[in-house]
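> my questions are about this predicted structure, shown below with the sequence.
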Amino acid sequence: MPAMLARPMLRRSVAFLGPALWVAAATGCQGGEGDPDHGYVKLIFQRVVSEDASPYTGTTQADIQLSYESCLLDFYAANPNWLQDGVDGAEVFASFADPESDDDLCSQKDPGRATAECTVASIDQRIEDGRLRVVYDISDSDMQGKVLFFGPLPCEKLAGCRPIVSMTGGSALGRSGQTQIWHHETVENPQAAACEPGAPIEINSASDVGP
């Protein structure tokens, strides 16, 4: 069954509840010490220059969608067993949302940057739209300048090609409770390849809260 909104087409989606873009590509790393064939890309959150203060203060949930580029679309079309509801993929997607797993997105650390404190609320593979959606419950007081990890994504060894995701055609927004308080406005490094070192996708956001 779908984890998010019902759709008339096939959905590749399972929700996992937790407790409590213009320069060239490249970022990511393997997820913890767990699955050697899947990893993530890194996202860093900044404010647009027109914002005097951080738009992220008070965020309780971040909702991020990235688009699969052709390598990943072809990989999943040829290997449906790795889809979120596939015989192999189900366990992978579950482990990246499990706080007890080495693969858990919110347990990863970036040695050069602070990581936003979070738990994974849901992972939703919208394969018919060519997207992956991750919703994070945020417990950090301010995400400004901090990193979130986005996945799971197959590494090049498994995919057989560079597994790129893109913020072009994607979206990022934040909520405080049920109220949207920020949205992404511009993006630096809009594309990223899973399981590769490099700069994060930089999401520059503006406040949706009036003065």
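On my side now, so go ahead. All values reported here derive from a predicted model rather than from experimental measurement. Residues are numbered from 1 along each chain as shown.

> give me the most central residue, the protein.
With distances taken as Cα atoms, centre = their mean, the residue of the chain nearest its centroid is Phe150 (2.9 Å).

> checking my notes, that residue in a strand, right?
Yes - secondary structure of Phe150 (DSSP: H, G, I helix; E, B strand; the rest coil): part of a strand.

> secondary structure element for His184?
Assigned by DSSP states H and E, His184 belongs to strand 179-188.

> how far does that strand sit from its chain's centre?
Averaging C-alpha positions (Cα atoms, centre = their mean, to the nearest Å) puts strand 179-188 14 Å from its chain's average.

> sheet-wise, list the partners of it with their directions.
Neighbouring strands of strand 179-188 in its sheet, by DSSP bridges, are strand 164-176 (antiparallel), strand 201-207 (antiparallel).

> return the set of buried residues in it.
Using 16 or more other Cβ atoms under 10 Å as the test for burial, strand 179-188 gives Ile181, Trp182, His183, His184, Glu185, Thr186, Val187, Glu188. Quick note: C-beta positions are derived from backbone N, CA and C, even for glycine.

> what angle do the longest helix along the chain and strand 164-176 make?
Assignment by DSSP state H gives helix 70-78 as the longest helix of the chain. With axes from the mean of the first three to the mean of the last three Cα atoms, to 10 degrees defining the directions, helix 70-78 sits at 90 degrees from strand 164-176.

> can you list the buried residues in helix 70-78?
By neighbour count with 16+ other Cβ under 10 Å, helix 70-78 contains the buried residues Cys71, Leu72, Phe75, Tyr76.

> list the contacts of the last one.
Taking Cβ atoms under 8 Å, 6 or more residues apart in numbering, we find Tyr76 in contact with Tyr68, Trp82, Leu83, Ile127.

> how many neighbours does the first one have?
Burial measure for Tyr68: 24 neighbouring residues, criterion other Cβ atoms under 10 Å.

> for it, list each beta-bridge partner.
Assigned bridge partners for Tyr68, using DSSP bridges, are Val165.

> do I have it right that it meets Arg133?
No - using Cβ atoms under 8 Å as the test, Tyr68 is too far from Arg133 to be in contact (11.5 Å).

> about what we covered before: what about the strand holding His184, average pLDDT?
The predicted model assigns strand 179-188 a mean pLDDT of 97.

> residues making contact with that strand?
21-23, 48, 55-56, 58-59, 167-168, 171-175, 201-209.

> so how far is Ser205 from Gln180?
Distance from Gln180 to Ser205, counting by Cβ to Cβ, to the nearest Å: 11 Å.

> which neighbours do those two share?
Here Gln180 and Ser205 have Gly174 as joint contacts, going by Cβ under 8 Å, 6+ apart.

> could I get the full set of helices for the protein?
Counting by DSSP H, the helices of the chain are 70-78, 89-95, 156-159.

> sorry, back to before: can you pick the most crowded of the contacts of Tyr76?
Tallying neighbours with other Cβ under 10 Å puts Tyr68 at the head of those, with 24 neighbours.

> and the gap between that residue and Thr179?
Relative to Thr179, and taking Cβ to Cβ, Tyr68 is found at 30 Å.

> for burial, what's the neighbour tally of Ala62?
Counted with other Cβ under 10 Å, the neighbours of Ala62 add up to 26.
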